[in-house]
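Enquirer: After the sequence you'll find the predicted model.
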Amino acid sequence: MSEVGKAALARSAMAAVEPLVELFLELGITSPEAESLLRSLFIHKARQWLAASSADGEQPSDVRVSLVTGVHRNFVRRILAEPPRIAAARERKKHRTARLLEAWHTDPAYLDSSGKPRDLSRKEPEPSFSTLASTYVPGAAPGVVLQELHRAGVVQFLSDERVRVRSRTFRVHGVNAAGMSELGSRGRELLETLIHNLRAPDLRILCDSMSAIEVDAGRVPAIRDLIARRVGNFLAAIEQELAIEAGLSKRKKSKKRVRIGLTAFESEHWPAGSTRDNR
C-alpha cells in the first residue's frame, strides 16, 4: 500500500475517533496525555496481534514490536512493563488549568482561615484570580483562563467581580467509571463488527440499518416512542427465545457455550427541543 493511500485510509477512519476527542476535551485530558495513552495501547495491541499471527503463538520480541509500531525498543520495553495507561510523566504535568485548580485548593495564599478555597476578586485586591492564573498558568491571559474554567463549569461568577471555585477537577455530568467502561466495550464491539465486514464483505455479520426518511419535526416525540416500543418488544421476544434455547442446551449438557446479546441505539441527534433517552 502506498504512503498516500495509507494516509488517506487513516484520515477516513478518524471520524470514529472524533466523539472520543470531544469527550476527552470535556474531561480536561490534553493532547499529549491522549497521545501517550494511544501509544501505550498501540504497543500492547501490537504484541497481542503479532503473537496471534504467529504459527506457535510465541510472544514477539521488543525489537519486532518496535519494528511494526515505529516506537524505539527501549520505550517498547518500558511501556509493556505495565498496563496501557497515560504516561506517568504526562500525568504529572497535568492540564495547565488543572494545576491552577489544584493550587486554588492547596496554596495557603488562596485559602481562608478554615483551609477552604477563597472567593477571589478577578483582578484587585489580592488575593486575586489574575495573580493565581499568572502564577500557575504563565503565558496565558487570565481572562481567557477564567472564561475557559467558566465554560467547563468549574468556577462561578459572583457579584462585585468575584469568582468562586466549584470543583477541584474537570467533570462532565453523568460521566463515571462504570459509564466509561460501558462506552468502551460497546464502542469496541460495534467497531469490531464494522471492521470484520470491511475485511470480509463476503462473510458479513449482522450490522444493518434503514435509510433515513424525512418527517415533520413535530412528530419526532411520537415516532421516538413508536420506535422504542417496537425495539423493546423485539428485544424482549428475542431474549425470551434465547432463554428457551439456553434451557434446551443445559438439558443436552452441551460443553461449548457462547454468549449472545443484541443492542439497539439511535444513530442521529434529534432536533432541538426533543428529548433523548439512553437506549
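Expert: Nice, thanks for sending it over.
Enquirer: What segments of this protein are strands?
Expert: Residue ranges of the strands in the chain, as given by DSSP state E, are 120-121, 155-158, 162-165.
Enquirer: just for the protein, where's the confidence low?
Expert: The chain contains residues with pLDDT under 70 at 1-4, 91-95, 172-174, 254, 268-279.
Enquirer: Okay, helices next: where are they in it?
Expert: Ranges of helices within the chain are 3-13, 18-26, 31-53, 62-69, 73-80, 88-93, 96-106, 129-136, 142-151, 177-199, 220-251, based on DSSP state H.
Enquirer: Can you check which of these gets nearest to residue 118?
Expert: Comparison of the helices of the chain against residue 118 by Cβ to Cβ identifies helix 96-106 as nearest, at 8.3 Å. From N, CA and C alone the C-beta is placed, and that goes for glycine too.
Enquirer: What lies in contact with the closest one?
Expert: By Cβ atoms under 8 Å, 6 or more residues apart in numbering, the surrounding residues in contact with helix 96-106 are 28, 94, 110-111, 117, 120, 132-133, 135-137, 140, 145, 148-149, 152, 154, 165, 167-170.
Enquirer: cool, stretch 243-254 as well?
Expert: Counting by Cβ under 8 Å, 6+ apart, residue 257 sit against stretch 243-254.
Enquirer: How about stretch 143-157?
Expert: 26, 28, 97, 100-101, 122, 129, 133, 137, 163-167, 169-171.
Enquirer: Please convert the buried members of the residues you listed into ChimeraX selection syntax.
Expert: The buried residues among those can be selected in ChimeraX (16 or more other Cβ atoms under 10 Å) with this line:
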select :28,97,100,101,122,129,133,137,163,165,170,171
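Enquirer: And for residue 59, the neighbour number?
Expert: 13 (other Cβ atoms under 10 Å).
Enquirer: My guess is it contacts residue 48. True?
Expert: No: Residue 59 lies out of contact with residue 48 (Cβ atoms under 8 Å); the separation is 9.4 Å.
Enquirer: Would you mind measuring from residue 197 to residue 38?
Expert: As judged by Cβ to Cβ, to the nearest Å, residue 197 and residue 38 stand 24 Å apart.
Enquirer: and what of residue 54?
Expert: Counting by Cβ to Cβ, the gap from residue 54 to residue 38 is 24 Å.
Enquirer: swap in residue 75?
Expert: Separation of residue 75 from residue 38 (Cβ to Cβ): 13 Å.
Enquirer: Mind checking which of these two has more residues around it?
Expert: Neighbour count, other Cβ under 10 Å: between residue 75 and residue 38, residue 75 has more, with 16 against 13.
Enquirer: Give the full set of residues in contact with the more buried one.
Expert: Applying Cβ under 8 Å, 6+ apart, the residues near residue 75 are residue 43.
Enquirer: Tell me how far it lies from residue 89.
Expert: For residue 75, the distance to residue 89 - Cβ to Cβ - is 12 Å.
Enquirer: got it, and residue 10?
Expert: 27 Å.
Enquirer: that older thread, for the helices of the chain, give me CSV that also has distance to residue 207.
Expert: Output for the helices of the chain, formatted as CSV (distance: least, Cβ to Cβ, whole Å):
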stretch, distance to residue 207
helix 3-13, 16
helix 18-26, 18
helix 31-53, 22
helix 62-69, 28
helix 73-80, 33
helix 88-93, 36
helix 96-106, 39
helix 129-136, 48
helix 142-151, 37
helix 177-199, 5
helix 220-251, 16
